[in-house]
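**Q** Fold the stuff below for me.
(one chain, ligands or ions: 2)
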Amino acid sequence: MDDIVKIWDAVLDIAKDEIPPSTFGPWVLPLVPHNYDGNSFSVLSGQSLAVQIIAKNCQPILVSALKKVVGSEVALNVIYDEELSKKLKKKSAKSRREDLIADLENKLAPSKYESLKQMRSSTNLNLKYKFENFVVGENSKLAYFASTAVAKEPGKKYNPLFIYGGAGLGKTHLMQAIGHQILFEHGLKVKFVTTEEFLNDLINAISHGSDKTTKMNNFRDKYRKVDVLLIDDIQFLEGKQRTEIEVFNTFEALHNAGKQIVITSDRPPENIPALSDRLRSRFQWGLMVDIGVPDLETRMAILQKLARENHMELPFNVVEFLAQVYKNNVRELEGAFNKISAYSALYQNEITVDEVKKIIKYSENKINITIDGIIDAVAEYYNVSVEDLKGTSRFAKIASARQVAIYAAREITGESFPYIGEKFGKKHTTILYSYEKIKEEISKNSELSQDVTDLINKIND
Ligand code: ADP
Ligand code: MG
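**A** Ligands and ions are numbered 1, 2, ... in the order given. All right, here's what the predicted structure looks like:
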C-alpha cells in the first residue's frame, strides 16, 4: 500500500511542472492511488468528469511520469469511484477547493495566473481576472481607479459601483478583480453572479410547487448573506419584472447592511428603459464609471502583456498590425492572439505579419467594404429596400433584416457601435441590442446561422 502511494507521489512530483495548474489543481491532485499490478496502475477519482478531463488533457504526461518512476511501460486507469464521491461531498467539496485555490495562489507567481483560466472557486470567480493583469489605459483609468478603491474599502466609498461600456472592454474582468482582492485581502464573502444566472436561479426557486417557501428562502439567503455581491450584465434585466423586484429587494437588504454591490452593464442605467425608476435611481446612488474603447497604444500593451504571459515573442510589427485590426473589442483581440499562439505552438514558425494575416483570415478588401455596401447587399438578399433597413418599420421581415444588416456590419468591419449607429441613423444602444440579439439567435437557430454566414461570405467576396 505504502508503495503505491510513494509511486504516485513521485509521479505527481514530475507531472506538476508539466500539467497546467488549472488541470493539475482540481483534477489530478485529488486522485487517490488504488492499485498497481506491474502492468497497470489505477487511481480513483471522486469526480466523474475527471476521467474524461484527464484523458483529454494530461494522460500522456502522467503515463510518461509513471514510466520514469517505475522504469517500465505502465498503463494508467482513472476510475470514477462513487464512494469517494460521497465522501468528498460530505467533506464539502467547496471548502476543499477553496483551500486548494488558496494554496495554488500562494505558490504561483502572478504571471502564471493565466493558466488558471478555467478554475473557479465557490464564489464563482475566474482566477484569470485580476488587477495585476488588467492593462490600464485612458479608456479605463477611472473604472480601474474606482474598482481598486472599492476593493480596498468595500461597502464604504462607492456603493454601488456601476461599471458600463461596450462588449469585450473589460467590465467583467474588473468586477472579478474586485472580487478576488476582497476575497484574498479581507477574507469577506464574495458572490459573483450574471444577471442570467440570477434569473434562472429565481425561476428555479419559484417553480417548485411544494417546498416553494424553502426554495425561495434559500435563494434569498444565497444572495443576501454575502458581504459583496457582483452582478454582471444587468442590462439583461430589461423587461423581467419579477427578477427586477428580487434584484431590488436584494439590493435594499445588502445596501442597508453596508455591504458592497458592484454592477456592470453595457449602458448606463438611464438607457435601460424597462428598469423601474426606483431601481434605476439606486444604481445611480453610488459611482457610475464607463469603460471606453482602448486606444492603439493600450491595445498594443494588452497584446504585449498576453505575449509575455504566454512566453511568446511577438515582433513589434505584428503587435502593431493586430492592434490596428482589432479596434473595438479586447475579447476579439485576445481571440486573435490565441489563434496565433496556438498556431505558433503547433508549427514553431516565426510569426510574421503575412502569417498572421492568414491565421486571422484577414483580407485587405475588408477595409474597403463600407457599411453602405453591406446595407445594399443585405437589402438585396432579403428583398427589402435600403430605406427600410435604415428606417423604423417594425414589420417582422424588415426588422429582422435590419438586425442582420447591423450584425453583418459589425462582424465585417469591426467598426464601433456608435459609428455603425451613425450609418444606420440609429442610437448606438439600438445597434448594440440588434447585434447581441442576432448573435444570440444564431447560436440557437441553425437556419439563421447559415443564412448569415452565406450573406457575410457573399459580401466578403
Ligand atoms: P466585458 O465584460 O466588458 O464584455 P471582459 O471583461 O469579459 O469584457 O473582457 C474580455 C476579455 O478581454 C477578457 O479576457 C479580459 O481579460 C480581456 N481584457 C479586456 N480589457 C482588458 C485590459 N484592459 N487589460 C487586459 N485584459 C483585458
Ligand atoms: Mg462581461
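
**Q** so where's this structure uncertain?
**A** Along the chain, segments meeting pLDDT under 70 span 1-2, 87-123, 208-210, 363-368.

**Q** near ligand 1, which residues of it?
**A** Within the chain, the residues that sit near ligand 1 (C-beta under 6 Å from any ligand atom) are 129, 133-135, 140, 167-173, 302, 330-331, 334. Heads up, the C-betas are built off the backbone N, CA and C, glycines and all.

**Q** Now do the contacts for the residue of the chain found nearest ligand 1.
**A** For the chain, the residue closest to ligand 1 is G170, as judged by C-beta to the nearest ligand atom, at 2.8 Å. Residues near G170 by C-beta atoms under 8 Å, 6 or more residues apart in numbering: 134, 140, 143, 291, 330.

**Q** In helices, which of these fall?
**A** 143, 330 (DSSP state H).

**Q** residues near K397, how many?
**A** 12 (other C-beta atoms under 10 Å).

**Q** surely it meets Y382?
**A** Yes - the criterion here is C-beta atoms under 8 Å, and K397 meets it with Y382 at 7.1 Å.

**Q** how about the nearest residue to S443, chain neighbours excluded?
**A** S449 (7.7 Å; C-beta to C-beta, 6 or more residues apart in numbering).

**Q** Now do the strands in the stretch 251-400 of the chain.
**A** Counting by DSSP state E, counting those that start in this stretch, the segments of the stretch 251-400 of the chain that form strands are 260-265, 287-291.

**Q** Those strands into CSV, with extra columns for mean neighbour count?
**A** As requested, these are exported to CSV (neighbours: other C-beta atoms under 10 Å):
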stretch, mean neighbour count
strand 260-265, 26
strand 287-291, 20
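
**Q** Could you point out which of those sits nearest I182?
**A** For the strands of the stretch 251-400 of the chain, proximity to I182 was assessed by C-beta to C-beta; strand 260-265 is nearest, at 7.6 Å.

**Q** Pull up the pairing partners for that closest one, direction included.
**A** strand 161-165 (parallel), strand 228-232 (parallel) (DSSP bridges).

**Q** The most centrally placed residue in the chain is in what secondary structure piece?
**A** Nearest to the mean C-alpha position of the chain, by C-alpha atoms, centre = their mean, lies T172 at 7.3 Å. Counting by DSSP states H and E, the element that carries T172 is helix 171-181.

**Q** I'd like to know which elements that helix is packed against.
**A** Contacting helix 171-181 under the criterion 3 or more C-beta pairs under 8 Å, 6 or more residues apart in numbering; DSSP states H and E are the following elements: helix 141-152, strand 161-165, strand 190-194, strand 228-232, strand 260-265.

**Q** Now tabulate those in CSV and tack on distance to P60.
**A** Listed next are the helices and strands packed on helix 171-181 as CSV, based on distance: least, C-beta to C-beta, whole Å:
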stretch, distance to P60
helix 141-152, 41
strand 161-165, 43
strand 190-194, 35
strand 228-232, 37
strand 260-265, 40
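
**Q** between the ones you listed, which gets nearest to G414?
**A** strand 161-165 (16.7 Å).

**Q** Quick one: work out the angle between that closest one and helix 141-152.
**A** Taking axes from the mean of the first three to the mean of the last three C-alpha atoms, to 10 degrees, one finds strand 161-165 and helix 141-152 inclined to each other by 150 degrees.

**Q** In CSV, list the C-alpha atoms belonging to strand 161-165.
**A** Taking Å, rounded to 0.1, in the frame of the first residue of the first chain, the C-alpha atoms of strand 161-165 are listed here in CSV:
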residue,chain,number,x,y,z
LEU,A,161,-20.2,50.9,-8.2
PHE,A,162,-21.8,50.8,-11.6
ILE,A,163,-19.4,50.0,-14.5
TYR,A,164,-20.7,50.3,-18.0
GLY,A,165,-19.3,50.1,-21.5
